[in-house]
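>>> One predicted model, sequence on top.
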Amino acid sequence: MIQDLQGIAGRLRTRLDALSVRAEQIEAMLRTALDPDSAKQAVELADDEALAGIDVTLHNEMSAVERAIVRLENGDYGRCVACGERIADARLLALPTADKCLDCASAATGHAIGQ
């Protein structure tokens, strides 16, 4: 089992802070009024659509990081939320927010996940 849980918690909190800053920047850009020129508006609307997608992705990752931090605080980090078995250290090192072992993650997606 991974020994440096405090180090993982620190890295997760640092990642959460960076994601929060980026999400705030994107949300500020999305609040910017559109240019009155209709041609420029079309480009800005397309840009806004892309930014909104990025914002959703950022918030999804922030939620995953927050859940991982809660599991660390509760002593459940490294245990699969589906079956309760240990998650492989290699998986946690590669994906610190992993909440399922490879078998359960594969079953949930219907695809085999490599190690």
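Happy to help now that I have it.

>>> going forward, measure contacts between C-alpha atoms and count neighbours the same way
Noted.

>>> what bits of the protein have low per-residue confidence?
In the predicted model of the chain, residues 1, 111-115 satisfy pLDDT under 70.

>>> Show me which residues of the lengthiest helix in the chain are buried.
Counting residues, the longest helix in the chain under DSSP state H turns out to be helix 38-74. For helix 38-74, a neighbour-count test (16 or more other Cα atoms under 10 Å) marks 44, 48, 51-52, 55, 58, 61-62, 64-69, 71-72 as buried.

>>> mind giving me the domain ranges of this protein?
1-77, 79-115 (automatic domain parsing).

>>> one step back: can you tell me which of the buried residues of helix 38-74 lies nearest to Ala33?
Proximity of the buried residues of helix 38-74 to Ala33 (Cα to Cα) peaks at Glu44, which lies at 9.6 Å.

>>> wouldn't the closest one be in contact with Leu34 here?
Yes - Glu44 is in contact with Leu34 according to Cα atoms under 8 Å; the separation is 6.8 Å.

>>> looking at this structure, which residue ends up farthest from its center?
In the chain, Asp37 marks the outermost C-alpha relative to the chain mean, sitting 36.5 Å out by Cα atoms, centre = their mean.

>>> What separation is there between that residue and Val43?
Using Cα to Cα, to the nearest Å, we find Asp37 at a distance of 10 Å from Val43.
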